[in-house]
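Engineer: got a predicted structure plus its sequence, pasted below:
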Amino acid sequence: MATPTVKNVVRSKRSVLAAAACALCLLVAPAATAQAQPGIDSASDAQTRLSDLARESEQTTEALHNAQIDLDAKTAVQREADAAVEAHRSALAVAESALAELKPAVDKVANVNYQGGRTNRLFAVMVSDSPQQLLDQMSALDIISAETSRQVGQFKQATSDAVAAEEASRSAADEARTAADQAKMVSDDLQAKQSELQGQTAEVMAAFSALSGAERSDYAGSPLPPGFDLSKIIAGLVPGSGSGALQAGLTQIGKPYVWGATGPDGFDCSGLVVWAYKQVGKTLPRSSQAQAAGGTPVDQKSLQPGDVVLFYPDASHVGLYAGNGNVLHASTFGVPVKVQSMASFPFYGARRY
């Protein structure tokens, strides 16, 4: 085999480098093409992804509010059950004390009868030496008989009270344990939802941060639909059950969506409704599902400004009817409080408070 010259070695190395460069181009080119191709819809895709994540977090937020309502109710039941246990225990102690006081007298009567003691009128006639003595003995026997009857009656009642108090105490203790177990289950569920929400909000924040300023502005949209004159709407509101709440809510347009917030610096969807109605002296439930269960049902065709309108099959989004098919709501993260067409969401139902 001939020994390679320096020129041949250089030429060989150049060929290898050239081949490697070609191969690298082939590897990089498809990747560059793959990245560039979706670039046409990248903003739309990013906004859709953000919208999906935000929607999931909203569902969890409302479920969280619902779980808190459930926990509050279960905790109240537990407190009532615990109080009932104490009350029944006190009643049992009183009944047992009454039994202890009456038992010696009843035992004495029982012993007298057992030992052959005679406390009847016939015995008084037989042992009396005079009419006056007979009357005195019969009177004494009447008093003894009445007192004995009273004591026996009290003893029977105290015994019955003690048995009833003991049964009630045992039943109340069972109910208290059940209430505590139920409260614990709801509390665990609440904590799980809180952890789930924390993870979801982190994803939402990351997706939002990935948007450019223009994309964020496009995502937020307009605070009012075309042709919606806010001043005329407020001035033209006819007094009604919810018009005052709507008027209050309209003053919050532009405030940010904040998970779990009830204002005044930010709101989630049910938080805005709670805040708006609070301004007119009405207290509404904290979750959208609970709001969907209260008030009076209203048909979509009969909606009035300020009615509570709910969306999605699980009633997980809520707002206030703003007239002309529009809804005032805290929409989602990255979108401030706004007025928007109801056609944007699947209608669930409406309630009037």
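Structural biologist: Yep, that arrived.
Engineer: tell me where the stretch 151-300 of the chain has strands.
Structural biologist: Shown for the stretch 151-300 of the chain, the strands assigned by DSSP state E, counting those that start in this stretch span residues 296-297.
Engineer: where in it is pLDDT low?
Structural biologist: Applying pLDDT under 70 to the stretch 151-300 of the chain flags residues 151-152.
Engineer: redo that, cut-off 90
Structural biologist: Applying pLDDT under 90 to the stretch 151-300 of the chain flags residues 151-177, 179-180, 182-183, 186-187, 190, 231-241.
Engineer: show me what contacts the residue lying closest to Trp275 once chain neighbours are set aside?
Structural biologist: Using Cβ to Cβ, 6 or more residues apart in numbering and skipping the chain neighbours, the partner closest in space to Trp275 is Gly263 (4.1 Å). In short, each C-beta sits where N, CA and C put it, glycine included. By Cβ atoms under 8 Å, 6 or more residues apart in numbering, Gly263 lies in contact with 252, 255, 271-272, 275.
Engineer: just the ones in helices from those, please.
Structural biologist: Using DSSP state H, the members of the contacts of Gly263 that fall in helices are 271-272, 275.
Engineer: scan the residues you listed and report the most crowded one.
Structural biologist: Leu272 (27 neighbours; other Cβ atoms under 10 Å).
Engineer: list the contacts for the closest residue to it other than its chain neighbours?
Structural biologist: In space, Leu272 comes closest to Ala330 once its chain neighbours are excluded; the distance is 4.3 Å by Cβ to Cβ, 6+ apart. Shown in contact with Ala330 (Cβ under 8 Å, 6+ apart): 255, 257, 267-269, 271-272, 319, 337.
Engineer: next one, pLDDT for Ala330 please.
Structural biologist: With respect to pLDDT, Ala330 scores 98.
Engineer: can you list the domains in this structure?
Structural biologist: When the chain is parsed into structural domains using automatic domain parsing, the resulting residue ranges are 46-209, 221-352.
Engineer: next, format these as JSON lines and append distance to Glu215.
Structural biologist: Compiled in JSON lines, these are given as follows (distance: least, Cβ to Cβ, whole Å):
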{"stretch": "domain 46-209", "distance to Glu215": "6"}
{"stretch": "domain 221-352", "distance to Glu215": "10"}
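Engineer: most packed of the ones you listed?
Structural biologist: Most buried of the domains of the chain, by mean neighbour count (mean count of other Cβ atoms under 10 Å): domain 221-352, with a mean of 19.
Engineer: state the mean pLDDT of the helix or strand hosting Thr61.
Structural biologist: With secondary structure defined by DSSP states H and E, Thr61 is part of helix 42-114. Averaged across helix 42-114, pLDDT comes to 83.
Engineer: reformat the ones in helices among the contacts of Gly263 as CSV; add distance to Ala158.
Structural biologist: As requested, these are arranged in CSV below (distance: Cβ to Cβ, whole Å):
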residue, distance to Ala158
Gly271, 56
Leu272, 60
Trp275, 57
